[in-house]
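Undergrad: dropping the sequence and predicted coords here.
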Amino acid sequence: MFETYSTLFYPKNSNKDKSGKVPIYLRITVNGKRSEISIRRKIRPENWNTDTGSLRGKSVESGNFNRYLNDIRSRVDKIFEQLTKEDIHFTAQTIRNIYSGKDQKKKMLLEIFQNHNDQVDRLVGKDFAAGTAERYRTAKKHISEYITKEYRVKDIPVQDVDHQFITGFEYYLKTERNCGHNTAVKYITNFKKIIRIAYANNWIQNDPFLHWKAKLKIVDREFLTEGEIQKLIEKDFHTDRLELVRDIFIFSCFTGLAYADVKKLTVQNIVIGIDGHKWIKINRSKTDSLSNIPLLPTAIEIIKKYSFDLVASSREHLLPILTNQKMNAYLKEIADLCEIDKNLTFHLARHTFATTVTLLNGVPIESVSKMLGHKNLKTTQHYAKILDQKVSEDMQALRSRLVNN
């Protein structure tokens, strides 16, 4: 949306030719930013009236020249008025390009974003997880709302995205949308892919993300202690729904599977491993990496408990899991009933498997990483950093060895 607009004809005195004449330029200013273009006419500097922006005198030559200036100004004003009516973001450069005939059909940012999201939607289950598609849809929604608020238009040309747009979007996410730092960075990273598509297709000449660096903050991840796990297992619930949610949550605590992976588990994912015991083998929904997880007794008992469940069997699923929203809502209720003062979410079960169930019981971090399906050991090391209890136990064992020696 424009705030200020003006045009000005002026002689460029620094470009005087051999005959002493200088070229006349048109300066277009929109929102304080200028763009200039030669009108392909020259005059003698002493004949120019700076106050009126026109050629001095009443001669036929002066009259024709000034009418030519007025014609140019009129054409430029019409371009400005048309762009204003179209309710799209434009700059002084936009007007200059249209006037000079260099304007091409501009690629609009939200159109590119939508085309990308449509492709992702069609590839869900093949190249993308449903959660990934949802995050791209949300990122596009935030970009759309930011453009409406900041630019007061429905869409902008992708070439108008610059470093200021990116930092402004980050500020908008953290203030208007109340996103945490890491959440904001993830949405901007989704948006960054759209800009890279535009850059690869030569729809933009420069990468506005060149000087923007994404840096996620390491967050301490909550997990349940052994005592809290036992509280959940021993709690007698008087409603079937809470018992079901508790059981599937505990199943995840002893397998490390995320919600999406528990939801898609089938009998075919249960195999006999190299040790002759039952294992889960499944490709993670999030990364498509393979998770190989030996089944612990607690997890096996939960599978047996629901082996004849009609809801699960009718869908060919191993467990009758509810929606993620309902699971998390009921887990809050379960936390209150069990007097567990932690933000109980389904994903916390995965953290619990990585820490309390495996690392604290001496399972090597490389094995934990493989079971979790992490592609990078650094991801698993985040869990190890917060295990003060494990550090304490290791150092106590070292003290004992040193004393005995």
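TA: That came through fine.

Undergrad: what helices or strands is the helix or strand harbouring T380 leaning on?
TA: Element membership for T380 (DSSP states H and E) is helix 377-385. Judged by 3 or more Cβ pairs under 8 Å, 6 or more residues apart in numbering; DSSP states H and E, the packing partners of helix 377-385 are helix 365-372. All C-beta spots, glycine's among them, are computed from the backbone N, C-alpha and C.

Undergrad: tell me the contacts of the residue nearest to N269 when sequence neighbours are not counted?
TA: The spatial neighbour of N269 that comes closest, neighbours along the chain excluded (Cβ to Cβ, 6 or more residues apart in numbering), is I282 at 4.9 Å. When contacts are counted by Cβ atoms under 8 Å, 6 or more residues apart in numbering, I282 touches L257, D261, K264, L265, N269, L290, S291.

Undergrad: please enumerate the helices of the stretch 51-200 of the chain.
TA: With DSSP state H, counting those that start in this stretch as the criterion, the stretch 51-200 of the chain has helices at 60-86, 92-100, 109-122, 130-151, 163-175, 181-200.

Undergrad: in CSV: those helices, plus mean pLDDT.
TA: Putting these into CSV (pLDDT from 0 to 100) gives the following:
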stretch, mean pLDDT
helix 60-86, 89
helix 92-100, 86
helix 109-122, 95
helix 130-151, 93
helix 163-175, 94
helix 181-200, 93
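
Undergrad: any chance of those helices in TSV, with mean neighbour count and distance to P364 too?
TA: Formatted as TSV, the helices of the stretch 51-200 of the chain follow (neighbours: other Cβ atoms under 10 Å; distance: least, Cβ to Cβ, whole Å):
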stretch	mean neighbour count	distance to P364
helix 60-86	14	62
helix 92-100	19	59
helix 109-122	17	37
helix 130-151	17	29
helix 163-175	16	39
helix 181-200	18	28
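
Undergrad: how about JSON lines for these, with distance to E316 added?
TA: Formatted as JSON lines, the helices of the stretch 51-200 of the chain follow (distance: least, Cβ to Cβ, whole Å):
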{"stretch": "helix 60-86", "distance to E316": "52"}
{"stretch": "helix 92-100", "distance to E316": "56"}
{"stretch": "helix 109-122", "distance to E316": "24"}
{"stretch": "helix 130-151", "distance to E316": "18"}
{"stretch": "helix 163-175", "distance to E316": "40"}
{"stretch": "helix 181-200", "distance to E316": "33"}
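
Undergrad: now which of the contacts of I282 would you call buried?
TA: L257, D261, K264, L265, N269, S291 (16 or more other Cβ atoms under 10 Å).

Undergrad: could you list which of those belong to helices?
TA: With DSSP state H as the criterion, helices contain D261 from among the buried ones among the contacts of I282.

Undergrad: pLDDT below threshold where in the chain?
TA: Residue ranges of the chain with pLDDT under 70: 1-3, 101-105, 218-220, 310-315, 384-390, 393, 405.

Undergrad: ok, the residue minimising distance to the centre of it - contacts?
TA: Nearest to the geometric centre of the chain sits Y187, at 2.0 Å (Cα atoms, centre = their mean). Y187 makes contacts with R135, T138, A139, H142, L173, C179, as judged by Cβ under 8 Å, 6+ apart.

Undergrad: once you drop chain neighbours, what's closest to it?
TA: A139 (4.7 Å).
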